[in-house]
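> Using only what follows, build the 3D model:
(chains A and B, ligands or ions: 2)
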Amino acid sequence: MTDMLLKDPYNIVITGIGGQGNVLASRLLSNMLVKRGFKVTIGETFGMSQRGGSVMSHIRVSAKSVWSPQIPKGGADLVVALEPIEAIRVLAAYGNPAVRTLVNVRAIYPVGVITGEDEYPSEEKIREAVAALSAQAEFIPATDEAVRLGNPILGNIVMIGAVAGLGVLPIDAELFESVIREGMAAARVEPNLRAFAIGRAAVARK
Amino acid sequence: MPLDRKQREGDEVLLMGNEAIARGALEAGIRVAVAYPGTPSSEIIETLSRFAETGKLYVEWSSNEKVALEVAAAGSFAGLRSLCVMKQNGVNVASDFLLHLGGSGTRAGLVLVSCDDPGALSSVNEGESRHFARLMEIPLLEPADFTEAKEIARWAFELSEAIHNVVMVRSVTRMSHASGNVVLGALPDRPVKAAFVCDGPVSDPDTGPVISTPVVAKHRLQQEKLRRAASLFEESPFNRYEGPESPELLIVTSSACLLYSREAVTILNAQNRVGILKLGTTFPLPQELIARHLRTADKILIVEEVLPFLEEQIKILVAERAGELGIKTFFGKNDSAIPMVGELNPDLVAAAVGRILKIDPPTVPAEYAEKVRELSAIAPKREQTFCPGCPHRASFWGIREALMRDGRNGFVCGDIGCYAMASLFPATGYHISRTMHSMGSATGLASGFGKFKPFGMEQPAIAVCGDSTFYHAAIPALINAVHQNSEMVFIVLDNGGTAMTGFQSHPGLDVNAMGEKVPLVDIAALCASMGVPVSTGDPFDLAGTRETLNRLMEEPGVKVLILKQACALAPEKKGKKKYKVSVDEALCRGDACGCNRICTRIFRCPGLLWNRKKKKAEVDEVICAGCGFCAKICPAGAIRCEEAAKP
Ligand code: SF4
Ligand code: SF4
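Numbers count the residues shown, from 1 in each chain, chains lettered A, B, ... in the order given. Ligands and ions are numbered 1, 2, ... in the order given. As a prediction, the model looks like this:
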């Protein structure tokens, strides 16, 4: 592990739906990077508390300076999607041929799909689209793993673990632990560590 | 992790812009922090409430922004540094007091923070509060990054004390809700004793009464204060220039637009051609400083959100000094180089700079763009909607059925809160809110509609308002309706808190922001004291709501209906299901006959799915909140509710 960035600024988009723990995930990841000595800017779109709407965090990591809280179009280096079609939406705006994408495969249907007006694409189609728009694409059953751990909300932590597993950022389990111990009740630390380890292994094993 | 008491001076922490503002105020030694909640401003007071302590820091969620500013001003008059926070349109509410406050002047530092929302990410307007600073003749500061958010918030109190007037700090959503590294400063701990010195002569604003009269003399004094601020601004470290000595293009900007401008210049690789003058003190302008930089370039681009506030002031400056500054070519809002509506981003600024300098901004490879066009179409759009188990969905369903049964083409006047979503989704059953303006205006509008029978108007008008909105602005309108004997139904959607912005306390609750036990003001009792009939109901009781409402619509005058049920996200409800809900496939008629998928197509709770293959509805157990309401709307009785096992 190195404290160097692959690119400066390194641009991460974390996307999902209100209630998936998007904001916490971006804060945890950013806090780890601040501890590593980087300047981090997070831009968050959580508007009207996003009742069922998309939530998106833009994270800019730099050794030198503060960057705009909005990543320029086509400028993402890493996309972390807590929901599959949100990955496609983000890639359409911020993707480029070099982007890496991590996708939690658990779908959350938009209202239009629930009502039968729109169709939710098959997992296969989503995988194809994400792979075609990414240099590297990983699909992780983060919610299923989190349910197995006893709480579906831990899906966001599984995904942060997966980011560590990718090896593109100087973060590891030890750093993660030091960050969550600062901000979380002691009882919540253990399940979070396990979620992180599962996510990390899911990507690193490959 | 969020700002808290554990962090120490010198720590470098990741703070949200709003937390940085809160920290700056703490480092200035504030004693009083007051606000009415409103996105994107609420986290400032939320953060400060973690530092609240009797006799050290008083924190209050007031009933509206005008009252909040009055409470904060009282702090200033009593010798306590005071902060008042609101979202952009809150300044409109506070503006009448602000006008007089600017005239009377202040004592201890008083800072008004307004968080604007360019692009209306969480508002129903794009109001620009900066113009209030000019209109009210008070100084305005705009931070451009997180460190500066803290520093400006801190310094604003010094400025306020230097000129004896209120100072306005303006943030925007992309600053307030973004986060970055901030190094913490010291927290002072001077002892204070509050006292209002007011027995001096009328002519002495520092010891006499605090009033805006004699008006002309006080107005003149106020303008002198502004001139003092302007001269301090000439030397301010919050105004900075970066770029070549004689740039081909000079960008003048403020706030988050600095970060967009800087990134735009980087994207275009035009660092040697473009200079950026970043202003942190935007009213009154530091004219000498700006003139110095204007002299270095012929082309000027002004980058700001939303209205041409800097642009107009700078154009006036250039006109006044035409002899010295010569002819400039301006780009900005007026020539549409920068869009006049919506929020900005690095791409929009890069496009503007690129057009001026004739550089094409880089784009993704054509082949990739082609793939995006082809593949992204499979992602269905995602609309906002009421949460699963939301009491408002049930309330509006009840109101909808009552209106349909009433048959006079009645409508709902909508208001501000989560229930504003009842004016969205034209294709659904919830599109019954037909007006939506400012806080409390549903009630005033219905008060008007209810007087137009003599003109032949037959439609019944229903006003809705949330509990927090009730205290904020609906009461005067309700009093008006009662006094004018208007014919309307006034429905309070009481979900037990300010749900939309995160459950801040309000006068209907018996705890305040200090965590103290306080008297609550009961909505039903207050309405009853106006002498009008008050009914209460549970929105989850569909038949009850419908019947009560239909009865009320037949009665003359003002009728009040309070629909009470806690928000689905209320801490006491979270994760607890009242019912286990399922669909009996044998009974679900689907498209086949009659119901036309009323549950999924019209009722639209995200907990109910339409299974395209089976052509049946089903319940998503992960998403369903277990409120059981949908069982009441299925005409075939196919949705089953069982009492959920107690955890
Ligand atoms: S937050 Fe509460 S009031 Fe707002 S939509 Fe959700 S359940 Fe309804
Ligand atoms: S019971 Fe029905 S209406 Fe209530 S949350 Fe579940 S699916 Fe939605």
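
> From now on I want contacts and neighbour counts done on CA atoms only, so please keep to that.
Fine.

> Buried ones in stretch B:514-531, by neighbour count?
Neighbour-count burial for stretch B:514-531 flags B:514, B:523, B:524, B:527 (criterion: 16 or more other C-alpha atoms under 10 Å in any protein chain shown).

> ditto for stretch B:585-599
For stretch B:585-599, by 16+ other C-alpha under 10 Å, it's B:588, B:589, B:590, B:597, B:598, B:599.

> Likewise for stretch B:228-237?
Using 16+ other C-alpha under 10 Å as the test for burial, stretch B:228-237 gives B:228, B:229, B:230, B:233, B:234.

> For the closest residue to chain A within the stretch 1-150 of chain B, pull up the helix or strand it's in.
The minimum distance from the stretch 1-150 of chain B to chain A, using C-alpha to the nearest C-alpha, falls at residue B:122 (4.5 Å). Using DSSP states H and E, residue B:122 maps to neither a helix nor a strand.

> ok, so what distance separates it from residue B:305?
Going from residue B:122 to residue B:305 by C-alpha to C-alpha, to the nearest Å gives 16 Å.

> so who does the nearest residue to residue A:137 once chain neighbours are set aside touch?
In this structure, residue A:137 finds its nearest non-sequential neighbour in residue A:101, 4.7 Å apart by C-alpha to C-alpha, 6 or more residues apart in numbering or on different chains. With contacts defined as C-alpha atoms under 8 Å, 6 or more residues apart in numbering or on different chains, residue A:101 is in contact with A:78, A:79, A:80, A:81, A:87, A:130, A:134, A:136, A:137, A:138.

> So which of the residues you listed sit within strands?
Residues of the contacts of residue A:101 located in strands (DSSP state E): A:78, A:79, A:80, A:81, A:136, A:137, A:138.

> Just read off the phi/psi values of the residue in the stretch 51-200 of chain B positioned nearest to ligand 2.
Nearest residue of the stretch 51-200 of chain B to ligand 2: residue B:122, at 24.4 Å (C-alpha to the nearest ligand atom). Note on residue B:122: backbone dihedrals following degrees, to the nearest 10 are phi -150, psi 50.

> From what I see, it and residue B:88 are in contact.
No: Residue B:122 lies out of contact with residue B:88 (C-alpha atoms under 8 Å); the separation is 11.2 Å.

> confidence score at residue 93?
Using chain A here. For residue A:93, the model assigns a pLDDT of 96.

> Correction: the question concerned chain B.
Residue B:93 carries a pLDDT value of 97.

> what's near enough to touch it?
Counting by C-alpha under 8 Å, 6+ apart, residue B:93 touches B:64, B:65, B:66.

> Secondary structure element holding the last one?
The secondary structure element spanning residue B:66 is helix B:65-77 (assigned by DSSP H and E).

> Say whether chain A is contacted by the next helix or strand after that helix.
Using DSSP H and E, the next helix or strand after helix B:65-77 towards the C-terminus is strand B:82-87. No: Strand B:82-87 stays clear of chain A (C-alpha under 8 Å from any C-alpha of the partner chain), getting no nearer than 13.2 Å.

> So which bits of strand B:82-87 are buried?
By neighbour count on 16+ other C-alpha under 10 Å, the buried set for strand B:82-87 is B:82, B:83, B:84, B:85, B:86, B:87.

> And for stretch B:503-513?
Quick answer for stretch B:503-513 (16+ other C-alpha under 10 Å): B:503, B:504, B:505, B:506, B:507, B:508, B:509, B:512, B:513.

> now, among those, which is nearest to ligand 1?
residue B:503 (9.1 Å).

> re earlier: so residue B:122 and residue B:305 - more neighbours on which side?
residue B:305 (28 against 21; other C-alpha atoms under 10 Å in any protein chain shown).

> Isn't that one up against residue B:345?
No: contact criterion C-alpha under 8 Å: residue B:305 and residue B:345 do not qualify, at 10.2 Å.

> Show me whatever sits in contact with both of these two.
Shared contacts of residue B:305 and residue B:345 (C-alpha under 8 Å, 6+ apart): residue B:257.

> Look up which residues are beta-bridged to residue A:79.
The partner list for residue A:79 in beta bridges (DSSP bridges) reads residue A:13, residue A:101.

> got a list of what it touches?
Residue A:79 touches A:12, A:13, A:14, A:15, A:87, A:90, A:91, A:99, A:100, A:101, A:102, counting by C-alpha under 8 Å, 6+ apart.

> neighbours of the closest residue to ligand 2 within chain A, just the number please.
Going by C-alpha to the nearest ligand atom, ligand 2 is nearest to residue A:114 of chain A, at 11.0 Å. Residue A:114 is flanked by 25 other residues according to other C-alpha under 10 Å.

> what does residue B:5 give?
Using other C-alpha under 10 Å, residue B:5 is surrounded by 8 other residues.

> Now do residue 135: how many residues are near it, please.
Chain wasn't specified; assuming chain A. Neighbourhood size, residue A:135 [other C-alpha under 10 Å]: 15.

> Chain B was what I was after
Neighbourhood size, residue B:135 [other C-alpha under 10 Å]: 10.

> Ligand 1 versus residue B:12, what's the distance?
With distances taken as C-alpha to the nearest ligand atom, to the nearest Å, residue B:12 is found 34 Å from ligand 1.
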